[in-house]
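> My questions concern the predicted model and sequence given below.
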Amino acid sequence: MICVKVVPGGSIRNMKYLEDKITVMCATDKCKLMYCDAQTSGGLLIAMDEKDAKEYIKEVEELTFGYATIIGEVIPRGITPIIIS
């Protein structure tokens with residue numbers, strides 16, 4: 001359970017900044033805060049053609065013993081520039 005008293009100020013500022021730029025399909029503040037968390041590492045997303053992405057994932061797993069996965073897709077703009085479902 002998220003308590004507002006323990007949410008970093010940066011997360012709240014991120015959520016405020018993004019409120020008219022994203023549509024989060026889950027309606028709870030807990031869910032919205034997760035996408036605006038100021039404590040996460042940056043620079044972990046890569047956008048590329050799906051065909052290339054599958055090859056990239058394979059290479060990442062072979063070279064680093066790590067993992068990567070496809071988490072979304074780019075679609076034409078909707079209600080807001082970003083829609084998270």
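That came through, no problem. Residues are numbered from 1 along each chain as shown.

> which residues does the nearest residue in space to I82 that is not next to it in sequence contact?
Leaving aside its sequence neighbours, I82 sits nearest to I22 (CB to CB, 6 or more residues apart in numbering; 4.3 Å). Every C-beta, even on glycine, is put in place using the N, C-alpha and C of the backbone. I22 sits next to Y35, T80, P81, I82, I83, I84 when contact means CB atoms under 8 Å, 6 or more residues apart in numbering.

> Ok, K54 next?
Contact analysis of K54 by CB under 8 Å, 6+ apart lists I70.

> Tell me how far E50 lies from A68.
As judged by CB to CB, to the nearest Å, E50 and A68 stand 13 Å apart.

> Oh, that last question was meant for K30, not what I typed.
Counting by CB to CB, the gap from K30 to A68 is 26 Å.

> more crowded one of those two?
A side-by-side neighbour count of K30 and A68, using other CB atoms under 10 Å, places A68 first with 15 against 10.

> Tell me which stretches of this protein form strands.
Remark: strands assigned in the chain by DSSP state E are 22-24, 82-84.

> worst average pLDDT in those strands?
Set side by side, these differ in mean pLDDT, and strand 82-84 is lowest with a mean of 77.

> Report pLDDT for the residue sitting nearest the centre point of the chain.
With distances taken as CA atoms, centre = their mean, Y35 lies nearest the centre of the chain, 5.7 Å away. Looking at Y35, its pLDDT is 78.

> same thing with D52?
On pLDDT, D52 comes in at 92.

> How about G43?
Confidence at G43, expressed as pLDDT, is 51.

> go on, the one 5 residues further on?
Looking at M48, its pLDDT reads 89.

> A38 and L18: what is the separation?
A38 is 12 Å from L18, by CB to CB.

> Now the top helix by length along the chain: buried residues?
When the chain is scanned for its longest helix (criterion: DSSP state H), the result is helix 50-64. For helix 50-64, burial by neighbour count (16 or more other CB atoms under 10 Å) applies to A53.

> ok, the spatially closest residue to Q39 that is not a sequence neighbour - how many residues close by?
Residue nearest to Q39 in three dimensions, not counting chain neighbours: P8, with 6.1 Å by CB to CB, 6+ apart. Using other CB under 10 Å, P8 has 13 neighbouring residues.
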